[in-house]
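Undergrad: Show me the folded form of this:
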Amino acid sequence: MKFMHLSDLHIGKRVNEFSMLEDQEYILREILDIAAEQKPDAVLLAGDLYDRCVPPGEAVELLDEFLTRLAERSLPVFAVSGNHDSPERLDFGTRIMQKHGVTIAGSFRGRPQKSVLLDAYGPVNIWLLPFLKPAIVSPFFPEEQISSYEEAVRHAIAAAGIDPSERNVLVAHQFITAFGSQPETCESETLSVGGADQVDASVFDSFDYVALGHLHGPQRIGRPEVRYAGSPLKYSFSEMRQKKSVTFVELKEKGCVEISTVPLVPLREMREIRGPIAELTKEENILPGRKNDYIRAVLTDDHAVAEAAERLRAVYPNLMCISFEGPRSGQVGPSRTAASGNVTIRTPQDLFAEFYQNQNGRELPENERPVLDKAVEAARGEVEA
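TA: Model prediction:
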């Protein structure tokens with residue numbers, strides 16, 4: 001039996017105030033084309049279908065279109081809610097959708113939801129485990145002290161009564177580690193401070209394959225059969241070097257699992273350009289066909305740059321952010337897009353002046369500084385009052 005594993009669609013997401021909806025529509029069409037070529041028997045959607053608990057109407061329409069296209073092809077879909085989703089909203093209409101092959105586990109109801117598919121080797125049990133927190137699981141086990149995410153997941157799986165002699169596939173959305181080894185993470189993911197949300201991969205030992213969602217970089221966790229598919233698009237510049245893909249998993253007889261990936265090519269890439277503004281805006285230095293990429297520009301000029309954003313956007317219309325690393329910026333090294341340094345020894349005027357330069361590509365005019373001083377003093381007076 002062959003599965004297509006997807007996760008972290010984040011439909012409706014905005015990156016640096018740019019709507020990603022057009023890019024998401026494009027990549028979902030590409031995924032449908034890949035499904036037509038690869039001919040999986042079912043689709044596993046491992047959470048974060050939406051980017052927000054209350055998604056915009058356009059996002060709902062796009063997910064509806066994607067699921068409808070899969071259902072029209074008689075492709076069973078098995079999905080769970082992620083930490084960005086509203087479980088109750090995903091539960092809406094699930095009984096009707098299940099009759100058309102789309103099974104969604106939005107809310108946790110005491111144990112993973114089970115479906116069974118059949119192939120030449122017998123049954124394959126599909127278990128659906130929505131995103132769990134201790135507070136979600138504890139009411140179902142009143143006699144237990146469930147204080148960690150790992151305990152929550154262990155109790156939920158134990159309640160399923162899984163037969164390890166059969167083939168079992170789990171769809172889940174959690175932050176998984178392996179024997180203390182940390183997976184690759186990025187800025188666009190929501191992780192708990194101090195690693196409180198970590199769950200060790202050993203909780204999944206009874207499963208032949210674990211289709212994970214939550215982390216945006218495709219990767220295995222511990223053994224190859226515990227895997228994050230990753231997001232289909234790059235949602236932060238920390239993901240620039242990731243190779244996005246669709247994961248395919250083929251289960252044969254018990255113990256025989258084959259995993260492969262098919263690369264995804266986005267409508268627009270997300271990349272960084274670096275150098276003096278005169279070089280970055282020269283026509284001969286612009287990659288052919290890449291002007292519409294999402295751009296982070298790092299300017300290394302040794303002098304203040306007037307109207308940097310306007311000059312760059314004339315060449316790169318999807319410029320997302322600018323940072324400065326030239327001597328005039330006061331920093332050599334990592335890029336920055338906002339006030340930096342030790343804020344405890346810098347005045348509000350200094351911080352605002354730096355913010356102004358980063359946003360406008362030029363220094364705060366001297367004739368504006370008295371206005372800024374008055375605004376700071378007025379604000380201080382309100383706080384003291």
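Undergrad: Every contact and neighbour count from this point should use C-alpha atoms.
TA: OK.
Undergrad: how does the chain divide up, domain by domain?
TA: Using automatic domain parsing, the domain parsing of the chain gives 2-263, 270-384.
Undergrad: Give the rounded mean pLDDT of the shortest one.
TA: If I follow you right, that is domain 270-384. The pLDDT scores in domain 270-384 average 76.
Undergrad: what's the answer for the first one, then?
TA: When pLDDT is averaged along domain 2-263, the result is 95.
Undergrad: Quick one: end-to-end distance for that domain.
TA: Domain 2-263 has an end-to-end distance of 17 Å (CA to CA, to the nearest Å).
Undergrad: go on, stretch 44-60?
TA: Termini of stretch 44-60 sit 19 Å apart (CA to CA).
Undergrad: can you map out the helices along the protein?
TA: Taking DSSP state H to define them, one finds helices in the chain at 21-38, 57-72, 87-91, 94-98, 134-137, 149-158, 277-280, 308-313, 348-360, 369-384.
Undergrad: I'd like to know which elements the fourth one is packed against.
TA: The reference is to helix 94-98. The contact analysis (3 or more CA pairs under 8 Å, 6 or more residues apart in numbering; DSSP states H and E) places helix 94-98 against strand 102-105.
Undergrad: measure Thr190 to Leu44 for me?
TA: Distance, Thr190 to Leu44, using CA to CA: 21 Å.
Undergrad: which of those two has more neighbours?
TA: Legend: neighbour count by other CA atoms under 10 Å for Thr190 and Leu44, higher for Leu44 (27 against 13).
Undergrad: Pretty sure Leu170 is one of the things that one touches, is it not?
TA: No. Using CA atoms under 8 Å, Leu44 is not in contact with Leu170, being 9.2 Å away.
Undergrad: Could you name every residue contacting both of the two?
TA: Here Leu44 and Leu170 have Ala211 as joint contacts, going by CA atoms under 8 Å, 6 or more residues apart in numbering.
Undergrad: May I have stretch 71-81 exported as PDB, CA atoms only?
TA: Provided in PDB are the C-alpha atoms of stretch 71-81 (Å, rounded to 0.1, in the frame of the first residue of the first chain):
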ATOM      1  CA  ALA A  71     -11.900  12.900  -3.300                       C
ATOM      2  CA  GLU A  72     -12.800  13.100  -7.000                       C
ATOM      3  CA  ARG A  73      -9.900  10.800  -7.700                       C
ATOM      4  CA  SER A  74     -11.100   8.300  -5.100                       C
ATOM      5  CA  LEU A  75      -8.000   9.000  -3.000                       C
ATOM      6  CA  PRO A  76      -8.800   8.400   0.700                       C
ATOM      7  CA  VAL A  77      -7.500  11.200   2.900                       C
ATOM      8  CA  PHE A  78      -6.500  10.900   6.600                       C
ATOM      9  CA  ALA A  79      -5.800  14.200   8.300                       C
ATOM     10  CA  VAL A  80      -5.300  15.400  11.900                       C
ATOM     11  CA  SER A  81      -5.400  18.900  13.400                       C
END
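Undergrad: So which bits of it are buried?
TA: 71, 75-81 (16 or more other CA atoms under 10 Å).
Undergrad: one step back: out of the helices of the chain, flag the one nearest Ser7.
TA: Across the helices of the chain, Ser7 has its closest neighbour in helix 21-38 (11.8 Å, CA to CA).
Undergrad: Compute the inter-axis angle for the closest one and helix 57-72.
TA: Orientation of helix 21-38 against helix 57-72 (axes from the mean of the first three to the mean of the last three CA atoms, to 10 degrees) gives an angle of 10 degrees.
Undergrad: Only alpha carbons, please: show helix 21-38 as CSV.
TA: Provided in CSV are the C-alpha atoms of helix 21-38 (Å, rounded to 0.1, in the frame of the first residue of the first chain):
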residue,chain,number,x,y,z
LEU,A,21,-2.2,32.2,-1.0
GLU,A,22,-1.2,32.3,-4.6
ASP,A,23,1.9,30.3,-3.9
GLN,A,24,-0.1,27.8,-1.9
GLU,A,25,-2.7,27.3,-4.7
TYR,A,26,0.2,26.8,-7.2
ILE,A,27,2.0,24.2,-5.0
LEU,A,28,-1.2,22.3,-4.2
ARG,A,29,-1.9,22.0,-8.0
GLU,A,30,1.6,20.6,-8.3
ILE,A,31,1.0,18.1,-5.6
LEU,A,32,-2.2,16.9,-7.4
ASP,A,33,-0.1,16.4,-10.5
ILE,A,34,2.5,14.4,-8.6
ALA,A,35,-0.3,12.3,-7.1
ALA,A,36,-1.6,11.6,-10.6
GLU,A,37,1.9,10.4,-11.6
GLN,A,38,2.8,8.4,-8.4
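Undergrad: Thank you kindly, that will do.
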